[in-house]
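K.L.:
Structure of the sequence below:
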Amino acid sequence: MRPQIVLFGDSITEQSFRYGGWGASLTNTYSRKADIVVRGYGGYTTRWALFLLHHIFPLGSTTRPIATTVFLGANDAALPGRTSERQHVPLEEYKENLKKIVRHLKECSPTMLIVLITPPPIDEEGRLKFAKSVYKEKAMKLPERTNEVTGTYAKECVEIAKELGVHSVNLWSKMQETQGWQKKFLSDGLHLTPAGNKVVYEEVVKVFNGAWLSAPDMPSDFPHHSEIDPQNPEKVFEQRCL
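P.N.:
Alright, predicted model coming up:
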């Protein structure tokens with residue numbers, strides 16, 4: 001069986017197989033090398049994600065992922081007293097939830113490559129514009145997320161990764177290295193454009209390649225067609241697959 005790479009997260013992961021999505025790009029890169037399994041849940045926080053762990057990553061499973069990305073925090077960082085306050089998770093709880101997720105994954109498989117991805121930066125103007133398009137005159141005057149607060153969650157995500165000895169992608173910082181990132185990388189102030197998805201894809205692949213999960217170095221699951229002798233096709237399958 002092909003090994004599995006699981007993408008675990010919120011809507012940014014759920015949407016990763018859309019046109020230009022980072023999950024779709026990973027599938028292309030790891031074609032015939034590994035199956036990319038998307039487990040993204042729009043609107044979810046780390047608090048709610050904890051209820052999914054034993055279902056998605058059962059401890060007794062014999063088919064454990066070789067790698068998992070954990071992309072949560074954008075919803076946790078929603079501000080209390082504003083439109084998305086039901087999703088707000090206090091920073092200290094967010095940190096503890098991330099630790100619980102990582103510890104469960106390590107218990108599931110001590111050899112699993114774990115990558116924590118920080119929430120992306122927030123374009124507050126873009127969020128306000130999006131809110132007005134949805135709620136019209138009922139839209140709040142203040143954005144439900146701010147880039148500064150989201151940055152504190154991103155910082156802690158990176159610190160948790162260091163503390164627990166796993167990898168991380170600081171998407172919040174990386175995207176802001178590019179001038180005009182607000183419109184270039186974000187479609188509604190939060191979710192990703194194809195260019196934003198490309199940043200996630202490139203950063204995740206960089207981590208994979210720097211670890212032990214470089215696609216070119218992984219074996220294909222069955223022989224390449226050029227290896228098949230049309231007069232004796234079973235030979236290569238006997239050598240490679242038995």
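
K.L.:
ok, and the closest non-adjacent residue to the residue nearest to the spatial centre of the chain?
P.N.:
Residue closest to the average C-alpha location in the chain (C-alpha atoms, centre = their mean): Phe71, at 3.9 Å. Closest residue to Phe71 apart from its sequence neighbours, by C-beta to C-beta, 6 or more residues apart in numbering: Gly9 at 3.3 Å. Placement of C-beta: from N, CA and C, glycine included.

K.L.:
swap in Ile228?
P.N.:
Per C-beta to C-beta, 6+ apart, closest to Ile228 is Val236, 5.5 Å.

K.L.:
residue boundaries of the helices in the protein?
P.N.:
11-14, 22-29, 46-49, 53-56, 91-108, 124-135, 147-164, 171-175, 181-185, 194-210, 234-241 (DSSP state H).

K.L.:
Output these in JSON lines; the columns should cover mean pLDDT.
P.N.:
As requested, the helices of the chain are arranged in JSON lines below (pLDDT from 0 to 100):
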{"stretch": "helix 11-14", "mean pLDDT": "98"}
{"stretch": "helix 22-29", "mean pLDDT": "98"}
{"stretch": "helix 46-49", "mean pLDDT": "98"}
{"stretch": "helix 53-56", "mean pLDDT": "96"}
{"stretch": "helix 91-108", "mean pLDDT": "98"}
{"stretch": "helix 124-135", "mean pLDDT": "78"}
{"stretch": "helix 147-164", "mean pLDDT": "98"}
{"stretch": "helix 171-175", "mean pLDDT": "98"}
{"stretch": "helix 181-185", "mean pLDDT": "97"}
{"stretch": "helix 194-210", "mean pLDDT": "98"}
{"stretch": "helix 234-241", "mean pLDDT": "79"}
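
K.L.:
Need the winner for burial among those helices.
P.N.:
Comparing these by mean neighbour count (mean count of other C-beta atoms under 10 Å), helix 11-14 ranks first with a mean of 23.

K.L.:
rewinding a little: just list whatever residues bridge to the residue nearest to Phe71.
P.N.:
Beta bridges link Gly9 to Gly40, Phe71 when assigned by DSSP bridges.

K.L.:
how near is the nearest residue to Val200 once chain neighbours are set aside to His191?
P.N.:
Leaving aside its sequence neighbours, Val200 sits nearest to Trp22 (C-beta to C-beta, 6+ apart; 4.1 Å). Separation of Trp22 from His191 (C-beta to C-beta, to the nearest Å): 12 Å.

K.L.:
Same question for Pro216.
P.N.:
Counting by C-beta to C-beta - Pro216 and His191 are separated by 31 Å.

K.L.:
Show me which of these two is the more surrounded one.
P.N.:
His191 (20 against 7; other C-beta atoms under 10 Å).

K.L.:
so how far is Lys129 from that one?
P.N.:
In terms of C-beta to C-beta, His191 sits 13 Å off from Lys129.

K.L.:
likewise Gly180?
P.N.:
16 Å.

K.L.:
try Glu14
P.N.:
For Glu14 relative to Lys129 (C-beta to C-beta), the value is 22 Å.
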